[in-house]
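>>> got a predicted model here, sequence first, then my questions.
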Amino acid sequence: MRYRPLGRTGWMVSEISFGAWAIGGAWGQVSEKDALGALHQAVDSGVNFIDTADVYGNGRSERLIADLKKERKEEIIVATKAGRRLPRQTIEGYSRENLSAWIDDSLRNLATDTLDLLQLHCPPTELYSRPEVFAILDDFVQAGKIRYYGVSVEKVEEALQAIEHPNVQTVQIIFNCFRQRPADIFFAKAKQKQVGILARVPLASGLLTGKLRPDSTFAADDHRNFNRHGEAFDVGETFSGVDFSVGLEAVEEVRRLLPARVSMSQFALRWILMFDAVSCAIPGGKRPEQVAENCRASDLPPLTSETMAEVERIYKQKIGPQVHHRW
Ligand SMILES: NC(=O)c1ccc[n+]([C@@H]2O[C@H](COP(=O)([O-])OP(=O)(O)OC[C@H]3O[C@@H](n4cnc5c(N)ncnc54)[C@H](OP(=O)(O)O)[C@@H]3O)[C@@H](O)[C@H]2O)c1
């Protein structure tokens, strides 16, 4: 495993880290044994950074991470999120009182006194022009409740606005072979300001593992079933907002580019690592085998410029028209 600096935090994080949404909920049933097994495998593979949120399984994901930390001696940095407990997303909802209560819940779930990194969880776009919310977060840092804070955004424009706030340390954004726009302008600006970038949904919710088929089905409590058209939250979080059948066609084109002995998941992750502005990719994993396979992407040699150009061509022809202007 290779490590990269996380913005100005001083932390070096595993370039393949771990996304802990699926082990919390909204991805079908994952047993406690598999979930903990996946987390332990991540640490065995050199992962030292885990992304979670208070709402993943209503605290289950955070509590599993607390269990992991009890059983491991390695330093494990945990990034959590707040904001999605609101029944409706409003600026007023991001009040001192609400933030304080959400932070306290996460501190309890994670069994710690200070949160390593707190991210605002896809708040409304207008929030990025409200410095008073960031001033509240500064106060929580001062008080020692959180070490650093960052944001998780839906759109590139939100990311650009977010990094104008001087103490935003990280931006989490969807970035993968099927979501290439963040690399256009945002990455250069983030690098200039030394802001860490967490590339989320790196496997396009499993599309970029190459295992899905036109007749693949998903459990009723898996967002790939219940949020296929954005019924529950932003449709961009499910298959990166790419129409399933169009995505499958593009995946077949990507498959032709795979070097020998490299899986599609590893290829998709290695593609992300080609961008040095990215601090880490945070693939989800429900079982130890998935995690081990994903982590090995860090050992692969760089992709060739011809391969990178081909992925760009596939994106521009097949995927871009659906997603480029939206996020
Ligand atoms: N708003 C936000 O802030 C937000 C939103 C979304 C995600 N995130 C974060 O980003 C992380 C990653 O995104 P994601 O979990 O949505 O999607 P993802 O990483 O693109 O896809 C993860 C899923 O792909 C499948 N998979 C993973 N590795 C595999 C492998 N090697 N072989 C076969 N299948 C594999 C697993 O599901 P199956 O086995 O069921 O196919 C896994 O749950 C999340 O866990 C979360 O921490 C944040």
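Happy to help now that I have it.

>>> contacts for the helix or strand harbouring residue 170?
Assigned by DSSP states H and E, residue 170 falls within strand 168-174. Residues outside strand 168-174 that contact it (Cβ atoms under 8 Å, 6 or more residues apart in numbering) are 6-9, 51, 79, 117, 119, 134, 148-154, 156, 159, 162-163, 182, 186, 190, 195-201, 236-237, 240, 279, 282, 327. C-beta here means a position set from N, CA and C on the backbone, and glycine is covered the same way.

>>> redo that, cut-off 7 Å
Contact with strand 168-174 is made by 6-9, 117, 119, 148-153, 159, 162-163, 182, 190, 195-198, 200-201, 236, 240, 327, as judged by Cβ atoms under 7 Å, 6 or more residues apart in numbering.

>>> now, these that are in helices?
159, 162, 190 (DSSP state H).

>>> what's the neighbour count on residue 181?
Using other Cβ atoms under 10 Å, residue 181 has 19 neighbouring residues.

>>> was I right to think it contacts residue 154?
No: in this structure, residue 181 is not within contact of residue 154 by Cβ atoms under 7 Å, at 11.9 Å.

>>> can you narrow the contacts of strand 168-174 down to the ones near the ligand?
Checking the contacts of strand 168-174 against the ligand by Cβ under 6 Å from any ligand atom, the ones in range are 152, 200-201.

>>> residue 106 falls within a helix, correct?
Yes: Residue 106 forms part of a helix when assessed by DSSP: H, G, I helix; E, B strand; the rest coil.

>>> OK, contacts around it?
By Cβ under 7 Å, 6+ apart, the neighbours of residue 106 are 54, 62, 80, 82, 115.

>>> in the stretch 151-300 of the chain, what residue lies closest to the ligand?
Closest residue of the stretch 151-300 of the chain to the ligand, Cβ to the nearest ligand atom: residue 284 (2.6 Å).

>>> give me the neighbour count for that residue.
24.

>>> swap in residue 221?
Residues near residue 221, counting by other Cβ under 10 Å: 12.

>>> okay, and which of the contacts of residue 106 map to helices?
Those of these lying in helices (DSSP H): residue 62.

>>> among the contacts of residue 106, which lie within strands?
Per DSSP state E, strands hold the following members of those: 80, 82, 115.

>>> who's the last one bridged to?
Residues in a beta bridge with residue 115, per DSSP bridges, are residue 146.

>>> gap between the least confident helix or strand in the chain by mean pLDDT and the chain center?
The weakest-scoring helix or strand in the chain, judged by mean pLDDT, DSSP states H and E, is helix 320-323 (a mean of 94). Put simply, helix 320-323 sits 20 Å off its chain's centre (Cα atoms, centre = their mean, to the nearest Å).

>>> this completes my enquiry, with thanks.
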